[in-house]
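**Student:** this one's sequence-less:
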């Protein structure tokens, strides 16, 4: 059996001006990932892969350093990609992100803020898994991705291709684990484990509610700010 660990990046600030590759981890986010890295010291990782976004690369780099490994950037691990017109108010962009992740009406074919659908994200994650499982020379690998992308991982492993989108919480800095046999059949081994908060004592709200709080707290800072073509990565 081969094992693929899949993490969500640590805490980051999504609001305000970002570069094309997203935003960095906050100090709290780095602490979350340092706790995870301590656990991975006991795991003989062979590969560390990451989404291109800075918060994911930063997460992967911290864990990889604990094992003395390089980070391989994989575009397929990016978050669901929006399609937003330049000049749109940032407050409206994030409001649409919030509606997408909290609405029960969202389906596999609902565009994410005018961009990718969950079905399309699942398809590229399925391609990633097929390519990874076709590679030799590894037994344990880590992939660092995002909340929406991680839900697509579960859809792939569980064989879901329609119906309701999996509603699985992916807390910041969480760890999931999937085992694969020689035929590529997958088994879910671990879901949403937080090394920094194993019993989730400090985590009582869904990710979209956290985003709602951030939006409310920074409402004045957002006022008048517009999407500029570099703020391309809203993600809860």
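**Tutor:** Structure received. Worth saying up front: this structure is predicted, and the values here are computed from it rather than measured. Residues are numbered from 1 along each chain as shown.
**Student:** where do the strands sit along the protein?
**Tutor:** Taking DSSP state E as the criterion, the chain carries its strands at 2-8, 47-50, 72-73, 140-145, 175-180, 186-193.
**Student:** right, so these: which one is the most enclosed?
**Tutor:** strand 140-145 (a mean of 26; mean count of other Cβ atoms under 10 Å). All C-beta spots, glycine's among them, are computed from the backbone N, C-alpha and C.
**Student:** who does that one pair up with?
**Tutor:** Based on DSSP bridges, the strands next to strand 140-145 in the sheet, each with its direction, are strand 2-8 (parallel), strand 47-50 (parallel).
**Student:** Turn the strands of the chain into CSV, including distance to residue 96.
**Tutor:** Formatted as CSV, those follow (distance: least, Cβ to Cβ, whole Å):
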stretch, distance to residue 96
strand 2-8, 21
strand 47-50, 26
strand 72-73, 28
strand 140-145, 21
strand 175-180, 27
strand 186-193, 25
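**Student:** residue contacts, the residue nearest the centre of the chain?
**Tutor:** Residue closest to the mean C-alpha point of the chain, counted by Cα atoms, centre = their mean, is residue 146 at 0.6 Å. Taking Cβ atoms under 8 Å, 6 or more residues apart in numbering as the criterion, residue 146 is in contact with 8-9, 51, 53, 56, 77-80, 235.
**Student:** Just the buried ones from those residues, in PyMOL syntax?
**Tutor:** Those of the contacts of residue 146 that count as buried under 16 or more other Cβ atoms under 10 Å are selected in PyMOL with:
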select buried, resi 8+9+51+53+56+77+78+79+80+235
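**Student:** what about this structure, any weak spots by pLDDT?
**Tutor:** Using pLDDT under 70 as the threshold, the predicted model of the chain has low-confidence ranges 14-22, 218-223, 228-236.
**Student:** how about the helices of the protein, start to end?
**Tutor:** 27-40, 54-67, 90-102, 118-134, 147-158, 207-217, 219-222 (DSSP state H).
**Student:** Relative to residue 180, which of those helices is closest?
**Tutor:** Closest approach to residue 180 among the helices of the chain (Cβ to Cβ): helix 118-134, 5.9 Å.
**Student:** Check which residues of that closest one are buried.
**Tutor:** Burial within helix 118-134, assessed by neighbour count using 16+ other Cβ under 10 Å, is assigned to 118-126, 128-129, 132-133.
**Student:** With distance to residue 70 as new columns, can the residues you listed be given to me in a markdown table?
**Tutor:** Converted to a markdown table, the buried residues of helix 118-134 look like this (distance: Cβ to Cβ, whole Å):
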| residue | distance to residue 70 |
| --- | --- |
| 118 | 31 |
| 119 | 32 |
| 120 | 29 |
| 121 | 26 |
| 122 | 28 |
| 123 | 28 |
| 124 | 23 |
| 125 | 22 |
| 126 | 25 |
| 128 | 18 |
| 129 | 21 |
| 132 | 16 |
| 133 | 21 |
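**Student:** for those residues, which one is nearest residue 153?
**Tutor:** Minimum distance to residue 153 across these is 5.7 Å, recorded for residue 125 (Cβ to Cβ).
**Student:** so the closest one sits right up against residue 153, yeah?
**Tutor:** Yes: the pair residue 125 and residue 153 qualifies as a contact (Cβ atoms under 8 Å) at a distance of 5.7 Å.
**Student:** quick revisit: which among the strands paired with strand 140-145 is found nearest to residue 196?
**Tutor:** Evaluated over those, closeness to residue 196 peaks at strand 2-8, with 12.2 Å, by Cβ to Cβ.
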